[in-house]
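J.: whatever this is, show me its structure:
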Amino acid sequence: MANSLTADVRTATTWSIVLSALMIAAGVLAIGVPMIAGVAVTAIVGWLLLFSGIFHVAFAWRAGRPGAVLWQILLALLYGAIGFYIIASPVAGLASLTLAIALYLFIEGVLEFVLWSRLRAIPGSGWLMLDGIITLVLAVMIWSTWPSSAVWVVGTLIGISMLFSGITRLMLSIAARRILA
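T.: Modelled structure (predicted):
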């Protein structure tokens, strides 16, 4: 039984290491060609919005009350229209997504400052202020160079995320293997 468990864990960690390497490679590729990665992510977002619109139509039939049905249909039209627009024009969708990311980062930075102001007496709260500053600087950088920043923002951020997720997964897989040894 112990040998079977060890073999299963070894097989699982081997696959995890392989997937980690692929994730790291995909992250590096996305950072290297951020426009292509950004358009790909934008297309995925467009399809998800389109499918969400279809699901809202389905939910409208089960909503019961007329107000709820109307709300679901309006949401379906909104999601579907935005999804269709993004799929039909992925570069314009990428520009819109980049602007949304800048807005999101700005709001996050402001909220980090609010949280820091409430927790500044607690040791380590300075990290919240630093996070807020960096997040606001990033938001301003994206906003001030928009729409030209659309070429690199989404793909680069996705690439960095994939790279670090791959590295983290790789390190955890290697650590799990060491436990077996």
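J.: burial of R65, as a residue count?
T.: 8 (other CB atoms under 10 Å). Bear in mind the C-beta positions are built from the backbone N, C-alpha and C, glycine included.
J.: an error on my part: the question was meant for I86.
T.: 23.
J.: that one contacts I44, correct?
T.: No - in this structure I86 lies outside contact range of I44 using CB atoms under 8 Å: 9.5 Å.
J.: need the contact list for the residue nearest the centre of the chain.
T.: The residue lying closest to the centre of the chain (CA atoms, centre = their mean) is I158, at 6.7 Å. Applying CB atoms under 8 Å, 6 or more residues apart in numbering to I158 gives the contacts A30, A37, G38, V41.
J.: low-scoring stretches of the protein, by residue?
T.: 1-2, 181 (pLDDT under 70).
J.: can you pull out the helices in it?
T.: 2-32, 34-62, 66-88, 90-119, 126-144, 153-180 (DSSP state H).
J.: which strands or helices does the second one pack on?
T.: Okay, so that is helix 34-62. helix 66-88, helix 90-119, helix 153-180 (3 or more CB pairs under 8 Å, 6 or more residues apart in numbering; DSSP states H and E).
J.: can you put those helices in TSV and add distance to A25?
T.: Output for those, formatted as TSV (distance: least, CB to CB, whole Å):
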stretch	distance to A25
helix 66-88	27
helix 90-119	23
helix 153-180	8
